[in-house]
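>>> Predicted model and sequence below, questions to follow.
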Amino acid sequence: MNDLPRARQKWDQQTLEPVIRRFPEQEERFETLSGIPLDRRYNAPAAILLAMYIAVAREQGVDPKRLRGTAQNDILKEYVARGTYIFPPRPSMRLVTDLIRYFRAGGRRYPGQRHRLRPGCCRGGTGVDTTNSLDEALGLPTEGSVRIARCTQQIIAYESGVAGTVDPLGGSYGVEYLTGEIERRAQMYLEQIDAMEGILAAIEQGYIQQEIVDAAYRYQQAVERGERIVVGVNAHHNW
């Protein structure tokens, strides 16, 4: 990979992950692999960095089948939200599926795809949730914010009592109504996307992106009109 300007390197290091411009830097980052699982949270460069990782393993005499870890290989969200993509949607999807085929064909244990349920709530019965660091949107998390995130998980697990039952709010009319409403609206979107010949076509036509923009605009208008209360923004400013 070509050298990046120093200013860009510094920005990437502060906001994303350490910059890897060429193969030797990948070697420095993984001086020894020794079977330690790696959780790689990236999308666009997944295939590239994973190829470097495998190359380092081979140079160290480690069988790639012994590598462990995960790759956040869900590229489509980069086109509709985060924006850190490299290639157009269709070639990117080809890389995603090629990555999955590579590991399935070789019997390797390094997953080619990972789905993470972030917005779920323990009280709704979710099995996996993430408490992201409060400053993650601004850059690499600070030690203090990471500690808060970890302690939040510990409090939920050991103090709240939600782990004592599979479905703490089972039978709740309010929860069931909201669940049904989410399902109904999601089905409407699925039908609309199917009519457009799939998610790739919807992204290429800007449909998903426009829906997000429109929803954000409606939300902001509701906040400014006082129809939706946001504490500290349009109500209870003095707390």
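Received the coordinates, thanks.
>>> distance of A149 from E143?
For A149, the distance to E143 (CB to CB, to the nearest Å) stands at 11 Å. C-beta here means a position set from N, CA and C on the backbone, and glycine is covered the same way.
>>> Neighbour count: these two, which is higher?
Taking other CB atoms under 10 Å, A149 and E143 do not tie; A149 has more neighbours (16 against 7).
>>> which stretch of helix or strand covers that one?
helix 143-158 (DSSP states H and E).
>>> now the end-to-end length of stretch 61-73.
Start-to-end span of stretch 61-73 (CA to CA, to the nearest Å) is 26 Å.
>>> Tell me the buried residues in it?
Neighbour-count burial for stretch 61-73, counted by 16 or more other CB atoms under 10 Å, picks out 62, 64, 67, 70-73.
>>> Pull stretch 170-183 out as CSV, backbone CA atoms only.
Output in CSV follows, covering the C-alpha atoms of stretch 170-183 (Å, rounded to 0.1, in the frame of the first residue of the first chain):
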residue,chain,number,x,y,z
GLY,A,170,-42.1,-11.7,28.7
GLY,A,171,-45.8,-11.0,28.2
SER,A,172,-45.5,-7.2,28.3
TYR,A,173,-48.1,-5.6,26.0
GLY,A,174,-45.8,-2.6,25.5
VAL,A,175,-42.8,-4.7,24.5
GLU,A,176,-45.0,-6.9,22.2
TYR,A,177,-46.5,-3.9,20.5
LEU,A,178,-43.1,-2.3,19.8
THR,A,179,-41.8,-5.6,18.6
GLY,A,180,-44.7,-6.0,16.2
GLU,A,181,-44.4,-2.5,15.0
ILE,A,182,-40.7,-2.9,14.3
GLU,A,183,-41.5,-6.1,12.4
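>>> tell me the average confidence for that stretch?
The average pLDDT within stretch 170-183 is 86.
>>> Also stretch 99-109?
On average, the pLDDT along stretch 99-109 is 74.
>>> Could you do stretch 69-77 as well?
79.
>>> now stretch 221-230
On average, stretch 221-230 scores 92.
>>> distance of Y177 from E183?
11 Å.
>>> re the thing from before, mind checking which of the buried residues of stretch 61-73 are in strands?
Among the buried residues of stretch 61-73, the members falling in strands (DSSP state E) are 70-71.
>>> ok, so of the buried residues of stretch 61-73, who is nearest I212?
Q72 (20.1 Å; CB to CB).
>>> got the contact list for stretch 186-199?
With CB atoms under 8 Å, 6 or more residues apart in numbering as the test, stretch 186-199 has contacts from 76, 202, 205, 207-208, 211.
>>> For T152, the count of nearby residues, please.
By other CB under 10 Å, the residues close to T152 number 14.
>>> er, A44 actually
A count of nearby residues for A44, using other CB under 10 Å, gives 17.
>>> In this protein, where's the longest helix?
Taking DSSP state H as the criterion, the chain has its longest helix at helix 173-195.
>>> If you count neighbours, what's buried in it?
Residues of helix 173-195 classed as buried: 175, 193 (neighbour count, 16+ other CB under 10 Å).
>>> With stretch 154-162 instead?
Neighbour count says stretch 154-162 has 156, 162 buried, by 16+ other CB under 10 Å.
>>> Put the alpha carbons of the helix holding A149 into PDB.
Only the C-alpha atoms of helix 143-158 are listed here, as PDB (Å, rounded to 0.1, in the frame of the first residue of the first chain):
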ATOM      1  CA  GLU A 143      -8.700   4.400  29.100                       C
ATOM      2  CA  GLY A 144     -11.400   6.000  31.300                       C
ATOM      3  CA  SER A 145     -14.200   5.600  28.800                       C
ATOM      4  CA  VAL A 146     -13.200   2.000  28.300                       C
ATOM      5  CA  ARG A 147     -13.400   1.400  32.000                       C
ATOM      6  CA  ILE A 148     -16.900   2.900  32.200                       C
ATOM      7  CA  ALA A 149     -18.100   0.700  29.300                       C
ATOM      8  CA  ARG A 150     -16.700  -2.400  30.900                       C
ATOM      9  CA  CYS A 151     -18.200  -1.600  34.300                       C
ATOM     10  CA  THR A 152     -21.500  -1.000  32.600                       C
ATOM     11  CA  GLN A 153     -21.500  -4.500  31.300                       C
ATOM     12  CA  GLN A 154     -20.500  -5.800  34.800                       C
ATOM     13  CA  ILE A 155     -23.300  -3.900  36.500                       C
ATOM     14  CA  ILE A 156     -25.900  -5.200  34.000                       C
ATOM     15  CA  ALA A 157     -24.600  -8.800  34.400                       C
ATOM     16  CA  TYR A 158     -24.200  -8.900  38.200                       C
END
